[in-house]
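Engineer: Below is the sequence, then the predicted model.
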Amino acid sequence: MDLVVNYREVIKQIIDEYSRYIPSHGQIEAEKIIDTERDHYEVMHVGWDGPRRQHGTVLHIDIKNDKIWVQYDGTSRPVVEELLAKGISKESIVLGFCPREERQYTGFALE
């Protein structure tokens, strides 16, 4: 199977799984964003918690240059652990939320 095709399948599984978790308070929905043309994947929370509007990214992953870029992970279960458990190597994962000069210390890909 093509590398990027495999990445897409793994990421879609993870997005599906993480989108099932919604906050126990408020009227908040989890939205999946799966754009396989641009290789952009997100889980967002949208709704109301009492008088406060909730709208924000929970998880954001992209595929760029044949690597999986974790752009944002606001979950309590780190998505990197899920990627590794599904057979994705550290060399194929970029921690996009980490400054480039610090990525060399993470054990993951630089770019």
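Structural biologist: Thanks, I have it.

Engineer: Tell me the predicted confidence for residue 75.
Structural biologist: The model reports residue 75 with a pLDDT of 94.

Engineer: does it count as helix, strand or coil?
Structural biologist: Under DSSP: H, G, I helix; E, B strand; the rest coil, residue 75 falls in the coil class.

Engineer: so what's it up against?
Structural biologist: Contacts for residue 75 were tallied using C-beta atoms under 8 Å, 6 or more residues apart in numbering; they are 18, 21, 58, 59. Quick note: C-beta positions are derived from backbone N, CA and C, even for glycine.

Engineer: what pLDDT, on average, does the longest strand seen in the chain get?
Structural biologist: The single longest strand within the chain, with elements called by DSSP state E, is strand 52-64. When the per-residue pLDDT values of strand 52-64 are averaged, the result is 97.

Engineer: just stretch 18-35 next, same as before
Structural biologist: Confidence over stretch 18-35 (mean pLDDT, whole number) is 94.

Engineer: Between strand 52-64 and the helix or strand where residue 29 lies, find me the angle.
Structural biologist: When elements are defined using DSSP states H and E, residue 29 is found to belong to strand 27-35. Calculated by axes from the mean of the first three to the mean of the last three C-alpha atoms, to 10 degrees, strand 27-35 forms an angle of 20 degrees with strand 52-64.
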